[in-house]
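Student: here is the input, now give the coordinates:
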Amino acid sequence: MSKTGYTMQFRAHPSWYARRNDNTTYTRLSLAIPLLCLASSAAQADGTFFQLDLGAPTADAVLAATRGKMSYGANYSNYESGWSAGIHVTRDFAIEDFGTLKIGPSLGTSDEVKRIKLGGKIILERYQPTNFGFLFLSAQYNTNENDWFTLAQIGNAQGLSVDLTAGGSDNYSEQSVAVNYRLNGGPTSFRGGYRFDAKEVFIGVSVNTY
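Tutor: All right, here's what the predicted structure looks like:
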């Protein structure tokens, strides 16, 4: 799997955006899943991924790792009126000619909830080399607040890639675009982008050893 092909998980807090109807969440997730059928190879490899995005006045951090058939993830968001955080552990299933399916428990909390909520998470991932570089697709769903997230990442062999993301839950909705530049073929990338619902420019850095 390419070092640039890993889930760039964006997690924004509900207080930033307008409340979304549950039907919209399920509809968008169902539309995202067929996109995964476009690719042909499983996105599974040992590695670690860290990403930090900074906006005004927001900050988002994501940490993920895969070891063998297990994956682990954590995210933290700091915003003007508080914070939110979550973790998950999944068992990974590489499905030949389909992709990778990840299923496992999740925990989430925030300063508004003031308690830890137990949920479940499912992730579908696909990675496909192309004649111009690669294509990486991901769709995620978390039962905590019906949280969902989709990503399409397109990259070339020179270290440039573009992320198109959409996400939402019972309480928020967001779409974003970002451009990533990988330094000297190594694991570190600088990135910048725009969140359409929040009308916010952000910059960030990521380290990806996949």
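Student: next, count neighbours for Ser176.
Tutor: Neighbourhood size, Ser176 [other Cβ atoms under 10 Å]: 22. Every residue, glycine included, has its C-beta placed from N, CA and C.
Student: and the gap between it and Asn78?
Tutor: Distance, Ser176 to Asn78, using Cβ to Cβ, to the nearest Å: 17 Å.
Student: before we move on, what about Ala198?
Tutor: Per Cβ to Cβ, Ala198 is found 14 Å from Asn78.
Student: quick one, phi psi at Gly159?
Tutor: Here is the backbone geometry of Gly159 (degrees, to the nearest 10): phi 90, psi 0.
Student: tell me the spacing between it and Thr90.
Tutor: According to Cβ to Cβ, Gly159 and Thr90 sit 29 Å apart.
Student: same drill for the two, tell me which one is more crowded.
Tutor: Each of Gly159 and Thr90 has its neighbours counted (other Cβ under 10 Å); Thr90 has more, 22 against 17.
Student: okay, that one and Leu107: tell me how far apart.
Tutor: 13 Å.
Student: please apply the same query to Trp83.
Tutor: As judged by Cβ to Cβ, Trp83 and Leu107 stand 15 Å apart.
Student: give the buried residues for stretch 65-78.
Tutor: Going by neighbour count (16 or more other Cβ atoms under 10 Å), the buried part of stretch 65-78 is 65-66, 71, 73-77.
Student: keep only those of these that are in strands.
Tutor: 65-66, 71, 73-77 (DSSP state E).
Student: which residues sit against stretch 193-205?
Tutor: 12, 16-18, 51-56, 58, 163, 173-179, 188-192 (Cβ atoms under 8 Å, 6 or more residues apart in numbering).
Student: can you give me the strands for this structure?
Tutor: Applying DSSP E to the chain gives strands spanning 41-42, 47-54, 59-67, 70-79, 82-95, 99-110, 117-129, 133-142, 147-156, 160-168, 173-182, 188-195, 200-208.
Student: in a markdown table, list those strands along with mean pLDDT.
Tutor: Formatted as a markdown table, those follow (pLDDT from 0 to 100):
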| stretch | mean pLDDT |
| --- | --- |
| strand 41-42 | 42 |
| strand 47-54 | 96 |
| strand 59-67 | 95 |
| strand 70-79 | 92 |
| strand 82-95 | 93 |
| strand 99-110 | 95 |
| strand 117-129 | 96 |
| strand 133-142 | 96 |
| strand 147-156 | 96 |
| strand 160-168 | 96 |
| strand 173-182 | 95 |
| strand 188-195 | 97 |
| strand 200-208 | 96 |
